[in-house]
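Novice: structure here, sequence nowhere to be found:
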């Protein structure tokens with residue numbers, strides 16, 4: 001086919017001029033699962049800023065074309081590139097393409113995907129009858145393989161990571177389907193003259209090089225979601241391979257050099273292939289999504305890699321919701337809330353909070369406690385800021401295997417970034433080590449710190465399992481150092497007031513408690529936390545995390561109830577549930593507890609409750625009730641100072657704005673400086689760990705488990 005028949009187009013890409021824009025009522029917009037999953041999960045090399053509009057390819061009917069250019073007029077069916085998912089889009093005229101007769105609207109909606117794949121196939125310079133290997137069976141890989149077939153390539157071999165998309169590939173042009181881990185020898189034997197890498201997997205380059213023959217062209221079409229390491233340059237030289245970068249953004253440079261608008265050229269070529277029947281793609285868009293159910297779809301997309309392609313059907317929306325007349329001063333809708341937190345950089349240094357030193361019972365330390373921070377990922381941001389805010393602590397050193405994370409925090413707080421953990425432990429100016437690392441590392445790193453004579457502070461929980469927690473407590477005792485677990489909620493003003501009232505008898509003997517913790521954690525949390533600063537899988541792995549919502553979130557509340565009442569759990573009955581059948585950790589837990597005094601409690605927690613962010617914590621006794629969350633309240637029949645009996649009162653804190661985490665560090669520093677046990681001891685952490693272990697064992701065995709028995713039983 002002679003692609004030049006479209007003729008030269010403007011080499012410049014117009015933008016910002018209404019006379020060069022076309023407004024289109026979108027009927028359907030294509031979903032590229034790999035790309036949109038990557039952005040949704042905030043993987044490397046994706047847009048992290050706000051706002052981000054997903055989608056980039058659609059089709060619909062022209063509403064307005066002020067310039068009367070680009071070969072379209074109102075009422076025409078058009079394909080549109082470089083527009084997000086929306087019911088009405090105003091696009092650059094260069095990105096609007098008339099849809100040829102006979103081409104379905106939903107297939108034309110893939111025009112921008114066709115541009116991406118088409119320019120990669122063009123750069124491969126495939127000769128008639130030349131064999132091609134395509135890595136990746138997703139939407140980009142599937143269309144690239146079919147375009148290569150349309151250009152005369154024979155045979156086509158598709159290489160993927162699983163068999164999930166094998167039938168689709170073989171039914172539409174592929175002669176062979178290989179799975180990378182199963183068919184390594186067959187892949188090396190391909191010796192293909194053309195290899196198109198369309199996965200976006202940084203490690204796929206090795207497979208592409210293995211599949212390439214002597215002098216082959218290797219086209220890098222996928223957007224890499226990370227850095228490719230250990231590139232086999234010796235093999236590249238030995239095979240005399242030509243690596244061809246083919247990201248679509250390079251089309252602008254190429255267009256300026258050639259004087260032809262190659263983006264438009266590729267779009268028109270793609271539509272011509274569809275019109276002539278050389279390209280069949282209807283099967284790639286069988287999954288149709290109602291735009292109102294986008295949240296549910298992206299949740300599904302985040303956990304499934306089997307989907308090849310999908311599309312939004314905007315025609316299901318009522319007409320008045322699809323197109324609305326704008327008013328000049330119409331305010332934007334501010335009531336909606338996104339599900340992903342934004343990337344948060346290391347904050348600027350803040351002044352110490354005046355209220356920390358005024359916290360009731362605050363003890364004075366003779367000198368600042370100098371802290372070394374191990375682990376500079378998500379929670380480290382809060383810890384570093386709290387250490388700085390506390391009057392009697394100082395952050396002096398940081399370490400993280402990802403050196404950039406340590407350097408960021410060290411620079412923000414005038415600390416030193418250490419290259420190894422041993423270097424941090426060896427510093428004489430480090431009095432205590434704060435472990436903000438994955439749970440399974442608490443014991444080994446804590447034991448090393450204790451052996452080095454450093455006090456040990458552990459971000460909750462104490463460890464990933466009871467035995468590791470017990471071993472850490474023993475290591476601290478052998479080392480003669482303090483061990484404390486960071487449970488800062490103890491220092492919230494409402495908690496302080498509630499504890500005082502309970503001590504004074506506002507509720508009498510505690511007879512019951514309830515906790516509800518319902519949130520909707522985004523999928524990106526499990527790979528990058530809430531900040532997205534570090535990509536890791538430890539939160540999803542039971543061997544590293546110890547579990548899900550119970551150990552990661554509810555451990556705070558388990559400690560809080562012990563702190564408020566002094567009661568220990570006598571028996572625990574639990575059930576857990578995972579959102580995905582293959583998940584190693586629980587997304588939901590339900591626990592019934594009997595305490596040593598006969599009180600009962602119920603705990604319900606879940607991290608996959610759509611649209612929810614609810615926490616409720618309350619306890620009661622014969623004389624009254626106290627609610628800590630969501631609104632601190634007290635009701636009592638006791639005639640206590642400042643309270644009227646038989647009515648609800650707000651627990652209005654007199655010290656609003658206290659940084660409870662900073663108070664925790666300040667009180668810890670004062671205790672260590674005075675040679676006193678910390679407020680939160682290692683044994684406190686061990687009691688919480690025993691409760692958690694009892695719940696997990698109960699869920700597995702289907703019977704009550706006693707946390708106290710677990711602490712007494714070393715078997």
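Specialist: Yep, that arrived. Model, not experiment: these values are computed from the prediction.

Novice: quick one: the longest helix seen in the chain to chain centroid distance?
Specialist: When the chain is parsed with DSSP state H, its longest helix is helix 682-701. How far helix 682-701 lies from its chain's middle: 28 Å, per CA atoms, centre = their mean, to the nearest Å.

Novice: mind checking how far the helix or strand residue 140 falls within is from the chain centre?
Specialist: Residue 140 belongs to helix 139-150 when assigned by DSSP states H and E. Centre-to-centre, helix 139-150 and its host chain are 30 Å apart (CA atoms, centre = their mean).

Novice: model confidence over that helix, on average?
Specialist: Throughout helix 139-150, pLDDT has a mean value of 95.

Novice: re earlier: show me what the longest helix of the chain is packed against.
Specialist: Applying 3 or more CB pairs under 8 Å, 6 or more residues apart in numbering; DSSP states H and E, we find helix 682-701 packed against helix 466-479, strand 483-486, helix 555-565, strand 569-577, strand 588-595, helix 707-712. Backbone N, C-alpha and C define where each C-beta goes, glycine included.

Novice: and with 6 Å instead?
Specialist: Helix 682-701 is packed against helix 466-479, helix 555-565, strand 569-577, helix 707-712, with contacts defined by 3 or more CB pairs under 6 Å, 6 or more residues apart in numbering; DSSP states H and E.

Novice: tell me which residues are up against the helix holding residue 140.
Specialist: Contact with helix 139-150 is made by 32, 113, 117-118, 120-121, 126, 132, 134, 156, 158, 172-173, 196, 198, 273, 278-279, 308-309, as judged by CB atoms under 6 Å, 6 or more residues apart in numbering.

Novice: next step: the residues you listed restricted to strands.
Specialist: Residues of the contacts of helix 139-150 located in strands (DSSP state E): 132, 134, 156, 158, 196.

Novice: do you know how far the closest residue to the second one other than its chain neighbours is from residue 497?
Specialist: Nearest non-adjacent residue to residue 134, counting by CB to CB, 6 or more residues apart in numbering: residue 145, 4.4 Å away. Between residue 145 and residue 497 the distance, using CB to CB, to the nearest Å, works out to 66 Å.

Novice: who's more crowded, the two?
Specialist: residue 145 (27 against 20; other CB atoms under 10 Å).

Novice: ok so, going back, of the helices and strands packed on helix 682-701, which is nearest residue 386?
Specialist: Residue 386 sits nearest to helix 555-565 of all the helices and strands packed on helix 682-701, at 15.2 Å, using CB to CB.

Novice: and that closest one with strand 569-577, angle?
Specialist: Counting by axes from the mean of the first three to the mean of the last three CA atoms, to 10 degrees, helix 555-565 lies at 160 degrees to strand 569-577.

Novice: helix 555-565 to strand 588-595, inter-axis angle?
Specialist: 20 degrees.

Novice: helices and strands around helix 555-565, which ones?
Specialist: So helix 555-565, by 3+ CB pairs under 6 Å, 6+ apart, packs with strand 510-520, helix 682-701.

Novice: figure out which of these is closest to residue 644.
Specialist: Of the helices and strands packed on helix 555-565, nearest to residue 644 by CB to CB is strand 510-520, at 21.9 Å.

Novice: which one of the ones in strands among the contacts of helix 139-150 has the most neighbours?
Specialist: Neighbour counts for the ones in strands among the contacts of helix 139-150 (other CB under 10 Å) peak at residue 134, which has 37 neighbours.

Novice: contacts for stretch 485-495?
Specialist: 458-460, 462, 556, 559-560, 563, 628, 632, 651, 653, 655, 658, 660-661, 663-664, 680, 685.

Novice: now that stretch: how far from the chain's centre is it?
Specialist: Mean-position distance between stretch 485-495 and its chain equals 27 Å (CA atoms, centre = their mean).

Novice: how far does that stretch stretch from start to finish?
Specialist: Start-to-end span of stretch 485-495 (CA to CA, to the nearest Å) is 18 Å.

Novice: break this structure into its domains for me.
Specialist: 18-107+284-322, 114-276, 354-488+662-673, 491-658+681-712 (automatic domain parsing).

Novice: so where's the chain uncertain?
Specialist: 1-19, 48-51, 325-366, 652-657, 714-715 (pLDDT under 70).

Novice: name the residue closest to the centre of it, please.
Specialist: residue 524 (1.4 Å; CA atoms, centre = their mean).

Novice: I figured that one was touching residue 40, is that so?
Specialist: No - applying CB atoms under 6 Å, one finds residue 524 not in contact with residue 40, separated by 7.1 Å.

Novice: which residue of this protein lies farthest from its centroid?
Specialist: Outermost in the chain, CA atoms, centre = their mean: residue 639 at 50.0 Å.

Novice: just to revisit the earlier point, nearest to residue 622 among the ones in strands among the contacts of helix 139-150?
Specialist: Closest approach between the ones in strands among the contacts of helix 139-150 and residue 622, by CB to CB: residue 158, at 71.0 Å.

Novice: what about residue 659, neighbour count?
Specialist: Residue 659 has 22 nearby residues by other CB under 10 Å.

Novice: thought it was touching residue 389?
Specialist: Yes - counting by CB under 6 Å, residue 389 is a contact partner of residue 659 at 5.2 Å.

Novice: how about the strands in the stretch 401-550 of the chain?
Specialist: Ranges of strands in the stretch 401-550 of the chain, per DSSP state E, counting those that start in this stretch, are 416-417, 432-435, 455-459, 483-486, 510-520.

Novice: I appreciate the help and will end here.
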